[in-house]
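K.L.:
What would the 3D arrangement of this be:
(one chain, ligands or ions: 1)
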Amino acid sequence: MNFTESQERQALRAAVKDVAARYGHEYFTAKARKGEKTSELWAEVGRLGYLGVAVPEQYGGGGGGIGDLAAVCEELAAAGCPLLLTLVSPAVCGTVIARFGTEEQKRRWLPGFAAGTVKMAFAITEPDAGSNSHRLATSVRRAGDQWVLTGGKYYISGVDEVDAVLVVARHVDDTGRRLSPSLLVVPTDAAGLEFRPIEMDIVSPERQFTLFFDDVRLPADALVGSEGAGLDQLFAGLNPERIMAASFSTGLARFALAKAADYARTRSVWGVPIGAHQGVAHPLAQCAVQIELARLMTQKAAALYDSGQDKAAGEAANMAKYAAAEAAATTVDQAIQVHGGNGLAAEYGLGALLGVSRLGRIAPVSREMILNFVAQHTLRLPRSY
Ligand SMILES: Cc1cc2nc3c(=O)[nH]c(=O)nc-3n(C[C@H](O)[C@H](O)[C@H](O)COP(=O)(O)OP(=O)(O)OC[C@H]3O[C@@H](n4cnc5c(N)ncnc54)[C@H](O)[C@@H]3O)c2cc1C
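P.N.:
Numbers count the residues shown, from 1 in each chain. Next up is the predicted model:
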C-alpha cells in the first residue's frame, strides 16, 4: 500500500498546474460569461499530451491510467479552470473505445483523443428515464448494413463543440424485442440529428443540449463493442466518469479553499485576521479534512480501476464521487461566507462557482442514486426503487 503518488504523477500535476495557472479563473469565467469556449486552453493541454495521458501508447497517448487523467482534471479545476468535457471526451469515450472498439475504431479516434484534437460527447440521460436507465427509450435497429437510431436525450454537455456523440441506445431485434443497451458513435453532422441548447444558470463555457434522433442512419462500424453488450461495457465508461467527476469536484474545492484561506489570513476587521476567529477557521479546517478524504477515496477508486478490478472500483468510484461532491458544495459555500459581501462580487469569482460546485450532487449520477447503490450493494439492504 502506498499513500504517496509516484514521482511521475506528481510531475504531471505540477506541469498541468503551471499551464492552467497561466490561464486562471479570470480567463475561464470571462470566456464563460461571454459565451465563448476555452479552446486555447484545451488545445494547449492537448498538445502537451495531458488530455491523452490515459490513451494507450501505440495510439499516441501516454499509456497511463484513469488516475493520471483524473490528476489532470483535478489540477485544471484547482487552478480555476474546471473543464467539464474532460469527464466525457477522453474519459468515458476514450476508455470505451480503447477497451471495446475495433482496431479500426481505435485508429480512427484514439490519436485524436491523445492530442486533444478530437472531442466526443456522451449521451445517456433521457427526459422520460432520468436516473432510471432501465427506462431508456432511445432505440437502435438494424436496416441492411446500417443502424437506425431513434429517440432523444437531454442535458448532454458540449454537443456544439464535439465531432461526435457516443450514444447509449437500446438494441431492438428483428422481432421488436428491446435488448440491452448498445453504444454508437454519432457524428454531430449526421442527417436526422438535431440539437438545441438548454439555457442554464451555471457559469461554464460548456453548454448543455437536448438531442433528437429522427431515424439517424449510421454505418455498421458506428457500433462500439458488441450488439446489446449491456451494462458491463457501459460501466467500463461510467466508472472513469465518476472518478473524473470526483476529481473535478475536489479540484474545485481546493480552488475555493485556497482562496478562502488566503482571504482569512489577510482580511482584518477586529484588529486581527478574520482567520484568527475559530468561527471562520474551523469550518475551513473541516473543508480541508473533507477534501483530503474525498481525494484519498478518488485515488483508491482510480487505483482499483487501473488494476482491472472493475467491481471494487465501482463501489469506490461511487463513494468518491459522493464525498467529493459534498466537499465541493460545502467548500464553495464556506468560501463565499468567509468573503462576506465580496463572496458574491464578480471580482472574487466565487459566486460564479455556485452552480458548477453544486453540479456534482446531480451529475453524472445523483447523490441519491449513489446512496441507493451503497445501501443496496455495500450494506445489502433491500432495493428501494
Ligand atoms: C450541467 C449538466 C451536465 C450534464 N451532462 C450530461 C452528459 O454529458 N451526458 C448525459 O448523458 N447526461 C448529462 N447530464 C444529466 C445528468 O446525468 C442527470 O441530470 C442526472 O443523472 C439526473 O437525472 P435527471 O436530471 O433526469 O433527474 P431525475 O432522475 O428526474 O431525478 C430528480 C431527483 O430525484 C432523485 N431520484 C430519482 N430517482 C430516485 C430514487 N430511486 N431514489 C431516490 N432519489 C431519486 C434524484 O436523485 C434527483 O435528486 C448532465 C446534467 C447537468 C445538470
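
K.L.:
any chance you could map the strands in the chain?
P.N.:
With strands called from DSSP state E, the chain shows them at 120-123, 139-143, 146-157, 164-172, 178-187, 193-198, 208-219, 223-224.

K.L.:
Tabulate those strands in CSV, adding columns for mean pLDDT.
P.N.:
Below are these laid out as CSV (pLDDT from 0 to 100):
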stretch, mean pLDDT
strand 120-123, 98
strand 139-143, 94
strand 146-157, 98
strand 164-172, 95
strand 178-187, 91
strand 193-198, 98
strand 208-219, 98
strand 223-224, 94
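
K.L.:
ok, the residue lying closest to Val332 once chain neighbours are set aside - contacts?
P.N.:
Nearest residue to Val332, sequence neighbours excluded (Cβ to Cβ, 6 or more residues apart in numbering): Ser357, at 3.8 Å. To be clear about C-beta, it is placed using only N, CA and C from the backbone, and glycine gets the same treatment. Applying Cβ atoms under 8 Å, 6 or more residues apart in numbering to Ser357 gives the contacts Ser249, Leu252, Ala253, Ala256, Ala328, Ala329, Thr331, Val332, Asp333.

K.L.:
Pull the number of nearby residues for the one residue in the chain that gets nearest to the ligand.
P.N.:
Nearest residue of the chain to the ligand (Cβ to the nearest ligand atom) works out as Gly130 at 2.6 Å. By other Cβ atoms under 10 Å, 13 other residues sit near Gly130.

K.L.:
where's it relative to Ser366, distance?
P.N.:
Gly130 sits at a distance of 9 Å from Ser366 (criterion: Cβ to Cβ, to the nearest Å).

K.L.:
which residues in this structure form helices?
P.N.:
Using DSSP state H, the helices of the chain run over 7-33, 39-47, 66-78, 85-86, 94-100, 103-115, 231-266, 278-306, 310-338, 354-359, 367-373.

K.L.:
from the chain's centre, how far out does the fourth one sit?
P.N.:
The chain centre lies 6 Å from the centre of helix 85-86; the measure is Cα atoms, centre = their mean, to the nearest Å.

K.L.:
Name the surrounding residues that touch that helix.
P.N.:
Looking at what lies outside helix 85-86 - Cβ under 8 Å, 6+ apart - the contacts are 42, 51, 69, 72-73, 76, 119, 121, 157-158, 161-162, 206, 244, 248.

K.L.:
Name the spans of this structure whose pLDDT lies under the cut-off.
P.N.:
By pLDDT under 70, the low-scoring segments of the chain are 228-230.

K.L.:
Quick check: residues of it near the ligand?
P.N.:
88, 121-125, 130-131, 155-157, 202, 208, 359, 362-366, 368-369, 372, 385 (Cβ under 6 Å from any ligand atom).

K.L.:
And for the residue nearest to Asn342 when sequence neighbours are not counted, the neighbour number?
P.N.:
Leaving aside its chain neighbours, Asn342 sits nearest to Tyr348 (4.9 Å; criterion: Cβ to Cβ, 6+ apart). Neighbourhood size, Tyr348 [other Cβ under 10 Å]: 17.

K.L.:
shouldn't Tyr348 be in contact with Ala256?
P.N.:
No: if you go by Cβ atoms under 8 Å, Tyr348 and Ala256 don't touch, sitting 10.5 Å apart.

K.L.:
is Ala143 in a bridge, and if so with what?
P.N.:
Gln146 (DSSP bridges).

K.L.:
Hmm, it is touching Val216, no?
P.N.:
No: using Cβ under 8 Å, Ala143 is not in contact with Val216; the gap is 11.3 Å.

K.L.:
Give me the more crowded residue out of those two.
P.N.:
Neighbour count, other Cβ under 10 Å: between Ala143 and Val216, Val216 has more, with 25 against 10.

K.L.:
circling back: spit out the contact partners of the residue nearest to Asn342.
P.N.:
Lys259, His339, Asn342.

K.L.:
ok, now which ones touch Gly52?
P.N.:
Gly52 neighbours (Cβ under 8 Å, 6+ apart): Gly46, Gly60, Gly61, Gly62, Pro90, Phe113, Ala114, Ala115, Gly116.

K.L.:
and if we set it to 7 Å?
P.N.:
Gly60, Gly61, Gly62, Pro90, Phe113, Ala114, Ala115, Gly116 (Cβ atoms under 7 Å, 6 or more residues apart in numbering).

K.L.:
That one and Ala123: what is the separation?
P.N.:
Gly52 sits 23 Å away from Ala123, going by Cβ to Cβ.

K.L.:
re earlier: among the strands of the chain, which is the most enclosed?
P.N.:
Most buried of the strands of the chain, by mean neighbour count (mean count of other Cβ atoms under 10 Å): strand 120-123, with a mean of 27.

K.L.:
could you dump that strand to PDB, C-alpha only?
P.N.:
Output of strand 120-123 as PDB, limited to C-alpha atoms (Å, rounded to 0.1, in the frame of the first residue of the first chain):
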ATOM      1  CA  MET A 120     -16.700  13.400 -28.200                       C
ATOM      2  CA  ALA A 121     -19.800  14.000 -26.000                       C
ATOM      3  CA  PHE A 122     -21.500  11.200 -24.200                       C
ATOM      4  CA  ALA A 123     -25.300  10.800 -24.200                       C
END
